[in-house]
Structures are given as structure tokens and as C-alpha cells.
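> Please find the sequence and the predicted model below.
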Amino acid sequence: MQFLWPQMLWLLLALPVLAAAYLYLLARRKKSALLYASLALPRAALGPRQRLRRHLPPLLFLVALGAALLACARPTATVTLPSDTITLVLAMDTSRSMEATDVPPTRIAAAQQAARDLIVGLPASVRLGIVSFAATATVVLPPTSNRQDMLDALDRVQLQRGTATGSGLIQALAVLFPDDGIDLEAILFSDSATLFGRAPSLDEAAAAEAARKREQARQPMQPGAYRHGAVILLSDGRRTTGPDPIDAARMAAERGVRVYTVGFGSPQGGGVPESSLAYFMQLDEPALRAVATLTGGEYFQAGSAADLTKVYRQLSARFALERRETELSALLSAAAVLLLVLASALSLLWFRR
């Protein structure tokens, strides 16, 4: 537990002072009780239960006061609560390496089935968008809460050559923040001009400059601070084209978006019938780990269809319940009021005062 106003904790010193004052008053009353010829008569009249009743209302009052003073310090704690409506974007690698058969029947078929299981198990509070990426990235499905649209979108993905992991992540951010003006084409034009040493056209240069200025003007957030959405990025190979995924991860981190990366397929790579692309199908785990670390997400390795389904189930449960920092002042104040009411009621009921 932490406190937003820890200096107010000094007020708790009033509690032992009040307890000492109460004990002092009891001692004075004991002295006045010596006026009786014998103490046996009043003690017998009180009895053990009556003596306990005598001290219970003051004790409740003291506890209520302590709760109220703690509330003044504004305590906070990390609690697990049902999450609000969030938008989840699934960025799926659809490069030709997904035809590999090391995950039967093929990687793409296993990934599609695992994604179907994810959709079926998603909480009602989650909207899902789907992005596919190969040589470039495409929005397969804008965010929706319609589960049937999600399932139908999975059947529309098509395999292509190339693995542009950075493009997939940038396109996922564009889906998550449609009002931010994230222009993947402008970024691609800027990168290709740098790569091939050609001068960009006026339109390309203007679009790239506008995108750069928007990013510079953005007020960066703490990584992982954005609570209304996240990205799941699944890849089975190394980046072969497109922007650097680390640069794309920085864009996500500045928006506070967590990126959960999933490396799919056997680490040693797999073969495609009538192909020799096994080298490019080896997982680039360092890059995927770096993307997850930069954004406050987590990296998972799924070597089989069952592993991928298990990863998706873990993420689905994480999105259903969210751990967040919550202020407890209102709860403590309510507890203090209830204890004060109870102490007053018992005092009136037992002692008519």
C-alpha cells in the first residue's frame, strides 16, 4: 500500500493519545469506586459480559477514527478488477513461411484455429481488430465486437512473400488510434528512399515530414500506461523488409500501448514443400523480446498449436481482469462512517447515552 499524501499519517499519533486519555478516565473512575463499602457488589452487578460491553463502543470509535485518518492520507493499492471495454488488435504474420509443416497441418492453419479459440473465449468487454502482414500490412478487420465477423475475417487472410514485422505493428497502432493520423505508406516511402538512395517525390516528402512532425508533437506516455487497448503480434520468422520493429515498438511505447509478442513455430525453423526458405523461418526471438520489453508487454514462445492456444487463453484471462492502482480513501471513509454509526447505536442501546 502506498499513500498519495503520506504527511497526513502524522495524524495517527492522535490515536495513542486518545487511548491514553481513555485509560486515564477509567483509572479516575476506579478511585471514585472506593467510596463503596465493598467492591464485590458493583463487580457482581457488571459481570464479564457487561465489562466487555462497556469498552466496545469506545474501541469501535477509536478504530473508526483510525480509518478516517488513514483515508486523509489517500492510500492506494494495486487490485484486480474487471477490465473496462478495451480494443485488442491481433497482428498476424501471413508470410509464405507460415506454410511450414513443422506445426501440423501447417503453421497458418494452426494459427487460424488458435485465433478462433481466442475469439470464442474473449470477454464481452473486448473489441478485436485483425491485421495481417507479409511484405506489407493490411487491415483485415477493423475493431468490432461481432464475434462472427472476427471468425469470418480469419478465413480471408492470404499468404505472401516477405516479413515486415515493423509494418504489422505500425498498422496495428493505426487501427488502435484511428485519429492519430499514423501513415504507414509515408513511413514506408521514407524508409525506401533512404534504403535505395533515391530522392522522394514532393508528395512523399510532404507526407513523411507531416508524419514525423506529428510524432514529435505527441506527448509521450509511460510504457504500458494505456488501459484501453493492446496489441498481440504473432510472427514465425525474421524481418526481411519494412521498418525496424524496434522503431515501431518505440511508437507503441510512447502511446503507452503494451505489445504482447508471440514467436510461433519451432526455434530451429521448418521446411515448406518445394522450397528452401528454412533459414528465414527461424524465430527472431531477440527482436520479439525487445518489442515486448520496450512496451511493457510480454514475450511468449509457442512451438505447437496447443502452446499457441494456451498463450491466447492466458492473454484472454488477463484482458478480462485488469490489475490497476486504485485509491482506497472512499472505502476507508465508508468503513469509518459505518463503525461510528455502530458505536453510537451500541452506546445508545446499552447505556442510553
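Looks like it arrived, so ask away. Nothing here was measured: the structure is a model prediction, and the numbers come from that model.

> low-scoring stretches of this structure, by residue?
Within the chain, the set of residues satisfying pLDDT under 70 comprises 30-51, 78-84, 189-212, 214-217, 266-282, 320-324, 353.

> Could you list the domains of it?
Each structural domain of the chain that the record assigns through automatic domain parsing is listed here as a residue range: 2-78+327-351, 82-183+216-324.

> deepest of those domains, which one?
Mean neighbours per residue, mean count of other CB atoms under 10 Å, is largest over those for domain 82-183+216-324, with a mean of 19. From N, CA and C alone the C-beta is placed, and that goes for glycine too.

> can you give me the offset of the strand or helix carrying residue 88 from its chain's centre?
Counting by DSSP states H and E, the secondary-structure element that holds residue 88 is strand 86-93. Centroid displacement of strand 86-93 relative to its chain, using CA atoms, centre = their mean, to the nearest Å, is 15 Å.

> Please, where are all the strands along the stretch 151-300 of the chain?
In order along the chain, the stretch 151-300 of the chain carries the following strands (DSSP state E, counting those that start in this stretch): 229-235, 258-264, 299-302.

> how about those strands in a markdown table, adding distance to residue 16?
Formatted as a markdown table, the entries for those read as follows, by distance: least, CB to CB, whole Å:
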| stretch | distance to residue 16 |
| --- | --- |
| strand 229-235 | 48 |
| strand 258-264 | 45 |
| strand 299-302 | 51 |
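
> quick one: which of these is nearest residue 325?
Proximity to residue 325 (CB to CB) singles out strand 258-264 among the strands of the stretch 151-300 of the chain, at 15.6 Å.

> Just want the angle from the closest one to strand 229-235.
Going by axes from the mean of the first three to the mean of the last three CA atoms, to 10 degrees, strand 258-264 is angled at 20 degrees with respect to strand 229-235.

> still on that earlier bit, which stretch among the strands of the stretch 151-300 of the chain comes nearest residue 13?
For the strands of the stretch 151-300 of the chain, proximity to residue 13 was assessed by CB to CB; strand 258-264 is nearest, at 42.4 Å.

> My guess is residue 141 contacts residue 128. True?
Yes. Applying CB atoms under 8 Å as the test, residue 141 and residue 128 come out as touching, 7.5 Å apart.

> shared neighbours, these two?
Between them, residue 141 and residue 128 share the neighbouring residues residue 150, with contact defined by CB atoms under 8 Å, 6 or more residues apart in numbering.

> Could you point out which of the strands of the stretch 151-300 of the chain sits nearest residue 222?
strand 258-264 (11.1 Å).

> now the angle between strand 86-93 and that closest one, please.
What separates the directions of strand 258-264 and strand 86-93 is an angle of 30 degrees, with the same axes, to 10 degrees.

> Tell me the strands beside strand 258-264, with direction?
Each strand that strand 258-264 pairs with, and the sense of that pairing, follows from DSSP bridges: strand 229-235 (parallel), strand 299-302 (parallel).

> would TSV of those strands with distance to residue 340 be doable?
Rendered in TSV, the data for the strands paired with strand 258-264 read as follows (distance: least, CB to CB, whole Å):
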stretch	distance to residue 340
strand 229-235	43
strand 299-302	51
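
> Out of the strands of the stretch 151-300 of the chain, which gets nearest to residue 169?
Nearest of those to residue 169, taken as CB to CB: strand 229-235 at 5.9 Å.

> how far does that closest one sit from the chain's center?
Taking the mean C-alpha point of strand 229-235 and that of its whole chain, the gap between them comes to 13 Å (CA atoms, centre = their mean).

> Residues contacting it, please?
Contacts made with strand 229-235 from outside it, assessed by CB under 8 Å, 6+ apart, are listed as 86-93, 111, 163, 165, 168-169, 172-173, 176, 252, 257-264, 283-284, 288, 291, 297, 308, 312, 315, 319.

> The closest residue to residue 106 other than its chain neighbours and residue 213: what is the separation?
Nearest-residue entry for residue 106: residue 99, 5.5 Å, with adjacent residues in sequence omitted and distances by CB to CB, 6 or more residues apart in numbering. Distance, residue 99 to residue 213, by CB to CB, to the nearest Å: 41 Å.

> same question, residue 348
For residue 348, the distance to residue 213 under the criterion CB to CB works out to 70 Å.

> and the strand holding residue 88, what other elements does it pack with?
Here strand 86-93 touches helix 107-121, strand 126-133, strand 137-144, helix 165-176, strand 229-235, going by 3 or more CB pairs under 8 Å, 6 or more residues apart in numbering; DSSP states H and E.

> For residue 156, which of the ones you listed is the nearest?
Comparing the helices and strands packed on strand 86-93 by their distance to residue 156 (CB to CB), the top pick is strand 137-144, with 5.9 Å.

> Can you classify residue 332 by secondary structure?
Counting by DSSP: H, G, I helix; E, B strand; the rest coil, the backbone at residue 332 sits in helix.

> Return the residues in contact with it.
For residue 332, the contact set (CB under 8 Å, 6+ apart) comprises 67-68, 70-71, 75.

> Can you flag which of the residues you listed belong to helices?
The helices, defined by DSSP state H, take in 67-68, 70-71 from the contacts of residue 332.

> Tell me the one of those residues nearest residue 59?
Top of the list for closeness to residue 59, among those and by CB to CB, is residue 67 at 12.9 Å.

> Could I get the phi/psi values of the nearest residue to the closest one once chain neighbours are set aside?
Nearest residue to residue 67 in three dimensions, chain neighbours excluded: residue 336, at 4.0 Å (CB to CB, 6+ apart). Listed backbone geometry of residue 336 is phi -60, psi -40, with angles given as degrees, to the nearest 10.
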